[in-house]
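Chemist: Fold the following.
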Amino acid sequence: MIFIDANIFLAYDNFDDIHHIAAVNLWKKIETGKFEQYFTSDYIFNEVIGVTLRKFGKERAILLGEAILKSVFIINVDKHMLTETWKIFTKTKLSLNLVDCTNLVIAKLADAKFIATFDKEFKKIDWIKVLDN
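Modeler: Below is the predicted model:
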């Protein structure tokens, strides 16, 4: 299983993004089923829509949101996940924000072995493999 981080969706959607080509190539691999089920979280969905709205406007945010909703399984963060996320966030020495910590909690609960992200900080975590190309 593979968790999809916000920067993958954002780079895929933005032709001018430095990671656009890598995101397109990675998405092709993900869609083949090579990593089994792919999924994201409602926090990531919110982040993607918010960034797209600010940078490109509401119409584009809606189009991207519809595409994600139709193609990607989304896990909603519940109270238990948030509690576990907060524990990680308050104790980690890594430069992970709160949403990054939710990514880890959800990936762990889903037994995901991979995370698709351009965030290098995830490479410091030994139990999950970063896919960034």
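
Chemist: what's the burial count for E31?
Modeler: Neighbour count of E31, defined by other Cβ atoms under 10 Å: 11. Every C-beta, even on glycine, is put in place using the N, C-alpha and C of the backbone.

Chemist: Ok, F15 next?
Modeler: 9.

Chemist: What score does it have for pLDDT?
Modeler: The model reports F15 with a pLDDT of 95.

Chemist: For it, give its distance to K108.
Modeler: Distance, F15 to K108, using Cβ to Cβ, to the nearest Å: 34 Å.

Chemist: Doesn't S95 belong to a strand?
Modeler: No. Using DSSP: H, G, I helix; E, B strand; the rest coil, the assignment for S95 is coil, not a strand.

Chemist: what's the first-to-last distance across stretch 123-133?
Modeler: Counting by Cα to Cα, to the nearest Å, you get 13 Å between the two ends of stretch 123-133.

Chemist: buried set for that stretch?
Modeler: For stretch 123-133, the buried set under the neighbour-count rule, 16 or more other Cβ atoms under 10 Å, comprises 125, 128, 130-132.

Chemist: same check, this time on stretch 102-117
Modeler: Quick answer for stretch 102-117 (16+ other Cβ under 10 Å): 102-107, 112, 114-117.

Chemist: Among the residues you listed, name the ones in strands.
Modeler: Counting by DSSP state E, the part of the buried residues of stretch 102-117 found in strands is 114-116.

Chemist: Let's have these in a markdown table, adding pLDDT.
Modeler: A markdown table is the format used below for those (pLDDT from 0 to 100):
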| residue | pLDDT |
| --- | --- |
| F114 | 97 |
| I115 | 98 |
| A116 | 98 |
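
Chemist: re the thing from before, same list, the buried residues of stretch 123-133, but as TSV with distance to M81, pLDDT and secondary structure please.
Modeler: Output for the buried residues of stretch 123-133, formatted as TSV (distance: Cβ to Cβ, whole Å; pLDDT from 0 to 100; DSSP: H, G, I helix; E, B strand; the rest coil):
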residue	distance to M81	pLDDT	secondary structure
I125	17	96	coil
I128	16	96	coil
V130	21	97	strand
L131	22	94	strand
D132	24	92	coil
